[in-house]
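Quick one: sequence plus predicted model below, questions after.
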Amino acid sequence: MTSVEEILATWLDKFKPHEDGALLPPHHDHCLACGPDNPHGHHLVVHRRGEEVHAVHVFDQRHVGAPGIAHGGAVATVLDDLFGFLLYLTGAPAVTRQLEVRYDSPVLLGVAYELVAKIVRAEGRKLFVEAEMRDTSGGLVAFASALFLRVDEAHFRQGASNSPPLARPI
Ligand SMILES: CCCCC/C=C\C/C=C\C/C=C\C/C=C\CCCC(=O)SCCNC(=O)CCNC(=O)[C@H](O)C(C)(C)COP(=O)(O)OP(=O)(O)OC[C@H]1O[C@@H](n2cnc3c(N)ncnc32)[C@H](O)[C@@H]1OP(=O)(O)O
């Protein structure tokens with residue numbers, strides 16, 4: 001797994017402008033929601049769409065709550081991480097201070113859902129964001145709102161002593 005310093009070294013590149021329609025980079029290779037190399041992860045793939053970010057996502061058996069239905073925490077993970085892709089549009093990192101998820105219908109395993117997130121407003125360090133998850137008929141299955149707060153690199157260095165090689169391998 002990549003160390004905090006190695007991840008931070010890629011920072012500037014990730015936060016330079018991304019064209020409309022572009023595939024956005026994962027937060028890092030082992031990110032629980034979007035890291036392609038995390039075997040337990042959701043492997044979320046996100047594109048910029050105008051001033052929004054967009055994904056089509058399928059939950060699988062690893063994310064099961066009630067049989068055949070995604071665990072609510074797994075759904076929250078993906079929605080939270082989707083917000084993390086909006087940061088690439090703002091040009092600065094931030095972290096979740098508060099997250100609220102409304103579950104309107106069960107999210108079924110093995111079924112594709114469309115996810116869209118947008119910034120509702122920005123006030124200083126604060127970013128207020130919202131996301132929707134819809135089924136293929138356009139029905140709203142989940143809605144999330146969150147407050148993200150901009151932070152500097154020092155925030156992420158707080159985890160450095162717990163990151164590889166000390167952390168348990170995944
Ligand atoms: C996930 C892996 C990331 C790896 C990163 C590496 C590379 C990737 C590159 C880029 C991506 C960057 C980030 C990752 C993106 C997405 C991943 C998903 C998101 C997450 O997984 S992220 C993890 C979970 N997250 C945390 O681990 C945060 C823990 N937490 C803290 O570290 C502190 O809590 C902190 C620093 C956030 C804030 O602390 P603080 O002391 O600086 O700020 P404070 O609390 O004082 O609030 C300031 C102002 O917000 C107001 N305020 C507060 N709460 C409010 C509320 N509820 N409603 C309205 N206003 C509110 C206050 O009233 C005040 O307002 P005012 O300034 O006007 O007085």
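Looks like it came in fine.

alpha carbons only for contacts and neighbour counts from here, please
OK.

Quick one: the helices in this structure, in order.
Remark: helices assigned in the chain by DSSP state H are 4-9, 11-14, 72-90, 153-157.

Does the ligand have contacts with the third one?
Yes: Helix 72-90 lies within reach of the ligand by CA under 6 Å from any ligand atom, at D80, D81, G84.

Show me what that helix is packed against.
Counting contacts by 3 or more CA pairs under 8 Å, 6 or more residues apart in numbering; DSSP states H and E, helix 72-90 is packed against strand 52-58, strand 94-103, strand 112-123, strand 126-134.

Tell me which of those sits nearest to the ligand.
strand 94-103 (3.9 Å; CA to the nearest ligand atom).

Pick out the residue of the chain closest to the ligand.
For the chain, CA to the nearest ligand atom, closest residue to the ligand: G84, 3.4 Å.

got a list of what that residue touches?
The contact partners of G84, by CA atoms under 8 Å, 6 or more residues apart in numbering, come to H27, A94, V95.

same deal with A146?
Contacts of A146 (CA under 8 Å, 6+ apart): D80, T96, R97, Q98, L99, E100, F128, V129, E130.

For A9, see how far away the nearest residue to L8 once chain neighbours are set aside is.
Leaving aside its sequence neighbours, L8 sits nearest to E153 (CA to CA, 6 or more residues apart in numbering; 7.4 Å). To A9, E153 is 10 Å away according to CA to CA, to the nearest Å.

Next: F85.
18 Å.

before we move on, the earlier item: of all the helices and strands packed on helix 72-90, which lies closest to D37?
Using CA to CA as the measure, strand 52-58 is the one of these that comes nearest D37, at 17.0 Å.

Is the closest one positioned near the ligand?
No: using CA under 6 Å from any ligand atom, strand 52-58 stays clear of the ligand, coming no nearer than 13.0 Å.

Just the residues contacting that strand, thanks.
44-48, 82, 85-86, 109-119.

before we move on, the earlier item: mind putting the helices of the chain in JSON lines, distance to P36 and mean pLDDT included?
Conversion of the helices of the chain to JSON lines gives the following (distance: least, CA to CA, whole Å; pLDDT from 0 to 100):
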{"stretch": "helix 4-9", "distance to P36": "14", "mean pLDDT": "85"}
{"stretch": "helix 11-14", "distance to P36": "16", "mean pLDDT": "85"}
{"stretch": "helix 72-90", "distance to P36": "14", "mean pLDDT": "97"}
{"stretch": "helix 153-157", "distance to P36": "20", "mean pLDDT": "92"}
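
Any idea which of those helices gets closest to N38?
From the helices of the chain, taking CA to CA, the stretch that ends up closest is helix 72-90, at 14.0 Å.
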